[in-house]
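S.K.: The following comprises the amino acid sequence and a computationally predicted model.
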Amino acid sequence: MPELALLLLQKHATPSEKLIIKPINSVNNIIPELMQITGSAKSLMLYTDAKNFLLSTLKKGEESKFAVRAMFDLIRCDFPHLEKLRITDTIHMTDLKVILTLWRLQIEQAELALRTFAPQNVMASLYGEQLVENPIDSLRAANRFLELGISTDQLEQIARSDRRFTDAKNANKQFSVEKRNEAYTKVEDFYGDELDKGLGWMIHGNPGTRLRPNLTGALEI
């Protein structure tokens, strides 16, 4: 099935074009199978920290919370200590706990894959905020690692063009760090110290978890 899915996605505009596929987070559990199928092709793991993931989810409203609960219900099946979790148990988990637990599980899956494939130089990691704060150098590093062959001029044009400010999930909206920060501030004001309590709960229950992780195989920028 993973092989068939990749074949269906492999539609090049031109024969010489390098194809980049950005899958949804819920395929993290089949990374080993995907890496075997792609052979020598390389992958870049984009990730974020706990607070950014939490605020990003909450600012999108109830539909986003529902989507996260559905993804959590799916991803927990890949973890032996969570697969037998009853529906009544998850119902009694707050939204904040579900969001943060999903983030932690995804980070664990990402780190496991990176420890396997980063030493083989076929996978690297990139903290998302680096791409936002330093787009040109991040794109150059990704270009080198993924061997895309995009010229320096093209990369600089992409980093400076309006395309950079198009919302990735809504082409009719513009993205800016300022607007995002304003939205996050409203979320923080609304939830108050409940956010800090949620983050504290994550650390208390999982002492080895870092809210701002540094995953294996960091892309050299």
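M.R.: Yes, it's here. Just so it is clear, the structure is predicted and the values come from calculations on it, not from any experiment. Numbers count the residues shown, from 1 in each chain.

S.K.: dump the residue contacts of T90.
M.R.: Residues in contact with T90 (CB atoms under 8 Å, 6 or more residues apart in numbering) are 69, 72-73, 98. Every C-beta, even on glycine, is put in place using the N, C-alpha and C of the backbone.

S.K.: try 7 Å
M.R.: Contact partners of T90, counting by CB atoms under 7 Å, 6 or more residues apart in numbering, are D73.

S.K.: From C77, how far off is it?
M.R.: Using CB to CB, to the nearest Å, T90 is found at 12 Å from C77.

S.K.: what's the answer for R115, then?
M.R.: From R115 to C77 the distance is 22 Å (CB to CB).

S.K.: Against E129, how distant is the spatially most central residue of the chain?
M.R.: Geometric centre of the chain, nearest residue: Y47, 4.0 Å, by CA atoms, centre = their mean. Y47 is 10 Å from E129, where distance means CB to CB.

S.K.: what does Q174 give?
M.R.: For Q174, the distance to E129 - CB to CB - is 19 Å.

S.K.: between these two, who's got more neighbours?
M.R.: More crowded of Q174 and E129, by other CB atoms under 10 Å: E129, with 15 against 11.

S.K.: Give me the phi and psi angles of the nearest residue to G217 once chain neighbours are set aside.
M.R.: Nearest non-adjacent residue to G217, counting by CB to CB, 6 or more residues apart in numbering: A118, 2.8 Å away. In this entry, A118 is assigned phi and psi values of phi -60, psi -40 (degrees, to the nearest 10).

S.K.: Equivalent analysis for N121, please.
M.R.: The phi and psi values for N121, taken as degrees, to the nearest 10, are phi 60, psi 30.
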